[in-house]
Structures are given as structure tokens and as C-alpha cells.
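*Asks:* Structure here, sequence nowhere to be found:
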């Protein structure tokens, strides 16, 4: 496959459209949402203060620097069932301030509460628990001598699982055999969208568009495409890491899986960026390790590099993620721009003969249906019988992401992927001028993203194929 294209400078600089703290999403699943201020809760081993800006209500709770302090909320649920707890907090240190969250004294769930950069910078930590019908005592107890974070507010969202939000239903994923399986051990197919490069099109990924993606489109997964070069991560690692943190929280808020894409492209050898990759994935995995909706894609489209080189890179990087998040699924790009080697004159047999020495990971495949037809499709068919696969990028056009759409061959691919429970994310969720961008030019400057009126033909086609609810088995 060919490299992903750069975007002309006339498209403008990065737009600060992503919130570092999630905002309330649209009602994408008939969920009930209630908010509880920490200063109104029962407090033991802490004080109500208001000396740091940005809190809501009349103040926040500053835990004592000791183990065992807690903030206890009384949460009323209309019916028994699962709930998502979102704690708004600040941690001006660089060390975690973990707590254990319990409901009526039952076994607890840990929340890490990593540093937010300053005591006036607020983030969100989440936990999924089961509530009884009626009143519940939700307690957040500090587990180390440094105490808990500054706790501002608890938001409780109930009804999400019965409404079928994908990350809530399926929980922590794992690779079982050749399939991606949910927490019940059942194979699932995730379907969703890839952002364009977030250095160019952050304005297209904001509350209104994500609400549409989760609700109107019925997506399961958001691929966060963070370029390493091409005005991306290497120019300002702190800025781009924080953008990815924000996108992860936005996806989590909407019950989507967050696929973190290390979008290395040029140089094509991922080993050239391995030091940067170690730094980036260590922080991402450490901060979000307690979430169950994170997938790590450590190499987008390796090119001009042997399979042996990619294998070496993967066997160094997978342990980096495992050290922070032992359960996280990892994706690894294949040679020849994610083509299983076909674009390099090779084949999937390179991988079959020399597989990565790791578990709980998948190989990725990319295709552009107007360019990649019989030879590529045959390689995918053969590989699917031998390797765990996920299609992290595809388009209905040529490999440039432009030109005429070949919906017939695209459907041939999608039928095969559905029959084999192979997940996919489509390129791309932006209003780029090319035919592969789903939105019409200028759409992202506004706030209307639902329906088909704002979509190009490729957008109408892919939205239609995402709107049929997936059957996520739970037994």
C-alpha cells in the first residue's frame, strides 16, 4: 500500500476542539446520569477546600496524606444493574493517588488517579460497578500514605449496559484463538471510524461529532490516529499525548473502544521511532490501565522494512505495554503498508513462518478497495485461517484515499470480515477534500453531524453499514 498523504498547510493549524475533561454526551443509550458533589458527601480523613481553580459546586475534597481516608456518596438507582462512575479530580503530583471504590462494602474496584499536571487541572477517573435498586453507599478510599486526589464530583451513569453500549457490554477484550473475544469469551466484531491525523483535523473530533458517531452511526470503536512525524507527535510530545488522553476519555464517556494508533509512516521502519514509542505507550498504558476499553496499535503501516524487523520491534514494545496494562490487547502492523506483505511482493507466509512471540495481540491489515482487489483479498482469506487479524484502516477508494468509490468490492471485503468476525475501522472521520473523508468540506466548522445531509457518498455508505447493531453475545 502507499503511504498516507500529508495535508496541505492551507488546511490550517491544529484546532483546540478536544476537551481535556469529557463533557456530557448525548443520550446514546437511554442512560440515566446523576451528579454528586464531593463536598456534600460523607468525608473521613479529608477537608473541603476551594483554593484551586476549576472546581464545580462550592469546593472539593482534599484527602489527608494518609491511608484510609474516604469520601462516601449516597447514590440512588431506579433499578439494579451496572453503572459507570466518573470521578472528576485533580492531582498536581507526578505519582498516582489510587483509591478503592466500594459499593455497600462489597469487593472494591481500583482507580489509579494519575497526575493531571497541576492542582487546577481536572481529569476524570472511571470505574464500573453494580448498584442495587434504591440507595447505595459508594465509597472512594485512599490506599496509600499520600492519600487520594482532590475530588470534585462524582457522575453516575446507569442503564448503559442494557442499552447496549459496546464497551459496557463487552468489557475487557482478549484474543482467544484467532478471534477478538469479549469478557464472556465470545468472538465479537468491532466496527468504527478512524480519525484523520489529529494534528490537522482535531476540529472534526469534538462532542457533537462523537455523539453522532456513537448514537446516530452506532459505532463500536474510535481509532485515534496520532502521526509520529508529519507535524505530529515528535514536534510536541506533551501536546499530542494530552490530546490522545482527551480522546480516550471522550470515547470512554460514550461507551466506545479507544484504539490508540501510533501512526508511524515515514520512516517506515518502526524501530526508528522505538524510543518515542516507549515513552508514549508507557504513559498511555499507565494512565488508562484501569479502563477496559483501550486497544494499543503500536505500528500503523510499516514499509520498506522486513517482517523480521517488525517482529523485533513488536517483541520489544509489547512488554512495555504489558508492564503497565497486563490485560490490554495490542495490534501490530504488517509489512508492505499493512498489506500482509503483498505490496512488497511478499505474503502472509512470512508471518506464519516467523510469528511474534507474544500473546493477546493481533496483526493488522489495510486495504483500499478500488486499488487492492483479488491478490490482496486472497491474502486476507488465507491469513484469516492462520492469524488473528483486525482491519485498522480501509477505504472504498484508491490507496490515496481519493478517487471513485468501488462499493461493490468494498462490500465483498466487508461480507468476508463479518463472516469471520474480523473488526474494522474506516478511513476517515474528517471533512478533508478527498472522497475518503466521510464529511462534506466545511462540515467540521459547524455542529451538525447526524443524518446523511452532511456526508459524502463514502460517508453515507459506511454509516449505513455501521447502523445495524452488532450481536454481542453474553452467554
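*Replies:* Everything's here; your move. Since we're looking at a predicted model, the values are computed, not measured.
*Asks:* how far does stretch 44-60 stretch from start to finish?
*Replies:* 14 Å (Cα to Cα, to the nearest Å).
*Asks:* With stretch 132-146 instead?
*Replies:* 32 Å.
*Asks:* Same check on stretch 267-281?
*Replies:* Stretch 267-281: ends 19 Å apart by Cα to Cα.
*Asks:* for the record, mean pLDDT for it?
*Replies:* For stretch 267-281, the mean pLDDT works out to 98.
*Asks:* Kindly report the same for stretch 443-459.
*Replies:* Confidence for stretch 443-459, expressed as mean pLDDT, is 95.
*Asks:* which residues sit against it?
*Replies:* 201, 203-204, 208-209, 211-213, 215-216, 395-397, 405, 430-431, 435-440, 460, 463 (Cβ atoms under 8 Å, 6 or more residues apart in numbering). C-beta coordinates here come from the backbone N, C-alpha and C atoms, glycine included.
*Asks:* Of all the residues in the helix or strand harbouring residue 245, which ones are buried?
*Replies:* Assigned by DSSP states H and E, residue 245 belongs to helix 237-253. By 16 or more other Cβ atoms under 10 Å, the buried positions in helix 237-253 come out as 240-253.
*Asks:* Let me know the closest of those residues to residue 259.
*Replies:* When those are ranked by distance to residue 259 (Cβ to Cβ), residue 251 comes first, at 8.7 Å.
*Asks:* quick one: secondary structure of the residue lying closest to that closest one once chain neighbours are set aside?
*Replies:* Using Cβ to Cβ, 6 or more residues apart in numbering and skipping residues adjacent in sequence, the residue nearest residue 251 is residue 258, 4.0 Å away. Here residue 258 is recorded as strand under DSSP: H, G, I helix; E, B strand; the rest coil.
*Asks:* After the host helix or strand of residue 277, which helix or strand is next?
*Replies:* For residue 277, the host element (DSSP H and E) is helix 274-288. Note on helix 274-288: by DSSP H and E, the next helix or strand toward the C-terminus is strand 294-297.
*Asks:* Direction included, what does that next one pair up with?
*Replies:* Take DSSP bridges as the rule and strand 294-297 pairs in its sheet with strand 257-263 (parallel), strand 329-333 (parallel).
*Asks:* Redo those strands as JSON lines? Include distance to residue 58, mean neighbour count and mean pLDDT.
*Replies:* What follows is the strands paired with strand 294-297, written out as JSON lines (distance: least, Cβ to Cβ, whole Å; neighbours: other Cβ atoms under 10 Å; pLDDT from 0 to 100):
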{"stretch": "strand 257-263", "distance to residue 58": "33", "mean neighbour count": "27", "mean pLDDT": "98"}
{"stretch": "strand 329-333", "distance to residue 58": "42", "mean neighbour count": "26", "mean pLDDT": "98"}
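*Asks:* As TSV, these with distance to residue 190 would be great.
*Replies:* Output for these, formatted as TSV (distance: least, Cβ to Cβ, whole Å):
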stretch	distance to residue 190
strand 257-263	6
strand 329-333	11
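*Asks:* Tell me which of those sits nearest to residue 86.
*Replies:* strand 257-263 (15.1 Å).
*Asks:* so where is the stretch 51-200 of the chain shaky, pLDDT-wise?
*Replies:* 159-163 (pLDDT under 70).
*Asks:* residue boundaries of the strands in it?
*Replies:* In the stretch 51-200 of the chain, the strands defined using DSSP state E, counting those that start in this stretch lie at 60-63, 70-77, 81-90, 99-103, 109-111, 123-131, 134-142, 150-158, 174-176, 179-181, 191-194.
*Asks:* Indicate which one of those strands is closest to residue 318.
*Replies:* strand 174-176 (12.0 Å).
*Asks:* Give me the distance from the closest one to the chain's centre.
*Replies:* Here the centre of strand 174-176 is set off from its chain's centre by 17 Å, with Cα atoms, centre = their mean, to the nearest Å.
*Asks:* Show me what that strand is packed against.
*Replies:* strand 179-181 (3 or more Cβ pairs under 8 Å, 6 or more residues apart in numbering; DSSP states H and E).
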